[in-house]
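Asker: give me the fold of what follows.
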Amino acid sequence: MPRTIRTLTAGEVDTLVDWAAGEGWNPGIGDAAALRAADPEGFIGAFVGGEMVAGISAVAYGSGFGFIGLYICRPDRRGEGHGKAVWDAGMARLGDRIIGLDGVAEQRANYQRKGFAPAYQTVRFSGRPVGLAGGSDILPVMAASTAGILAYDRQCFPAPREAFLREWLQPPRIALLCAGSAGIAGYAVARRCREGLKVGPLFADDTDIALALVAELAGKAAGEALHIDVPATQFGFTAMLQAAGMVAGFTTTRMYKGGKPGNAPTKVFGITTLELG
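Answerer: So this is what the prediction gives:
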């Protein structure tokens with residue numbers, strides 16, 4: 001039967017996120033709507049006989065940056081070219097933008113052959129951190145804080161993403177900021193997943209602020225585990241997470257094609273999502 005490639009509907013993005021859960025990726029509950037807010041046209045599927053057989057996210061953040069994620073072929077339809085078809089469609093959609101992705105170790109060489117260069121490794125730290133100090137300057141993100149969060153995020157993420165953040169900062173996600181003397185000095189979001197809560201983004205001016213945000217999120221997690229995908233270059237931060245009882249596990253490699261973005265990597269203590277960067 002012929003294969004059709006097209007943009008996914010909202011319900012089909014839900015299905016693709018469910019596939020990610022089936023792969024053991026532990027996506028957030030209710031992620032699909034927020035992910036789609038970043039770029040409603042950026043989710044692509046391959047269909048045979050009216051059934052989705054593969055999918056990918058190819059989210060465009062303006063004209064200069066894009067991100068590939070949620071690249072999944074249904075297990076019973078692998079080896080038929082459907083994955084390559086959605087990959088090609090996603091890459092064509094993003095065109096000559098700088099393109100990022102988070103690749104698992106076994107796919108790193110494959111992505112390198114496709115023109116992606118490694119930038120840094122991320123390590124997932126999981127557990128219930130103890131002994132970290134919060135602070136009175138860690139506050140909930142309110143509507144009045146949104147403009148400041150958008151400005152701070154622009155320092156840390158490669159492109160503006162207002163539509164996504166306005167959705168991502170909403171309850172039931174837990175969004176906190178650090179109020180510094182000169183304005184916002186960091187912020188973090190935690191969302192409930194199939195298992196525990198994932199923290200991301202976790203952006204901060206320094207390690208102490210990042211740890212204070214983690215401490216406050218742990219206090220609001222009601223004893224559930226936190227999961228944070230941390231750039232391995234944040235040596236001091238990862239050492240403190242381990243000292244607090246968190247365990248290193250799953251790793252990915254952040255890779256870019258077309259150059260490196262100009263954001264401030266020193267402020268990135270936890271990436272937002274493996275799906276959207």
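
Asker: ranges for the helices of the chain?
Answerer: Secondary structure of the chain (DSSP state H): helices located at 10-22, 31-38, 82-94, 108-113, 146-156, 162-168, 207-220, 235-243.

Asker: can you list the buried residues in stretch 185-197?
Answerer: For stretch 185-197, the neighbour count (16 or more other CB atoms under 10 Å) marks 185-193, 196-197 as buried. Every residue, glycine included, has its C-beta placed from N, CA and C.

Asker: how far off centre is it?
Answerer: 11 Å (CA atoms, centre = their mean, to the nearest Å).

Asker: re the thing from before, narrow the buried residues of stretch 185-197 to those in strands?
Answerer: Using DSSP state E, the subset of the buried residues of stretch 185-197 located in strands is 185-192, 197.

Asker: farthest-apart pair in these, please.
Answerer: 185 and 192 (26.0 Å; CB to CB).

Asker: thinking again about what came up before, now the helices of the chain as CSV including mean neighbour count and mean pLDDT?
Answerer: Listed next are those as CSV, based on neighbours: other CB atoms under 10 Å; pLDDT from 0 to 100:
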stretch, mean neighbour count, mean pLDDT
helix 10-22, 17, 92
helix 31-38, 22, 93
helix 82-94, 19, 96
helix 108-113, 13, 93
helix 146-156, 17, 96
helix 162-168, 19, 96
helix 207-220, 22, 96
helix 235-243, 16, 97
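
Asker: burial count for residue 119?
Answerer: Look at residue 119: counted by other CB atoms under 10 Å, it has 16 neighbours.

Asker: quick check: it vs residue 171, distance?
Answerer: 33 Å (CB to CB, to the nearest Å).

Asker: same check on residue 256?
Answerer: 33 Å.

Asker: follow-up on the earlier one: any chance of the ones in strands among the buried residues of stretch 185-197 in CSV, plus pLDDT and distance to residue 274?
Answerer: Below are those laid out as CSV (pLDDT from 0 to 100; distance: CB to CB, whole Å):
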residue, pLDDT, distance to residue 274
185, 96, 26
186, 97, 21
187, 98, 19
188, 98, 17
189, 98, 15
190, 98, 16
191, 97, 13
192, 95, 17
197, 97, 15
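
Asker: dump these to a markdown table, plus distance to residue 74.
Answerer: Putting these into a markdown table (distance: CB to CB, whole Å) gives the following:
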| residue | distance to residue 74 |
| --- | --- |
| 185 | 44 |
| 186 | 40 |
| 187 | 37 |
| 188 | 34 |
| 189 | 30 |
| 190 | 30 |
| 191 | 26 |
| 192 | 26 |
| 197 | 28 |
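
Asker: between those, which is closest to residue 149?
Answerer: Using CB to CB, those come closest to residue 149 at residue 187, 5.6 Å.

Asker: what sits against the residue nearest to the closest one when sequence neighbours are not counted?
Answerer: The spatial neighbour of residue 187 that comes closest, neighbours along the chain excluded (CB to CB, 6 or more residues apart in numbering), is residue 177 at 4.2 Å. Residue 177 sits next to 138-141, 145, 148-149, 184, 186-188 when contact means CB atoms under 8 Å, 6 or more residues apart in numbering.

Asker: next, count neighbours for the residue nearest to residue 85 when sequence neighbours are not counted.
Answerer: Excluding the flanking residues, the one nearest residue 85 by CB to CB, 6+ apart is residue 46, at 5.1 Å. Burial of residue 46 is recorded as 26 neighbouring residues (other CB under 10 Å).
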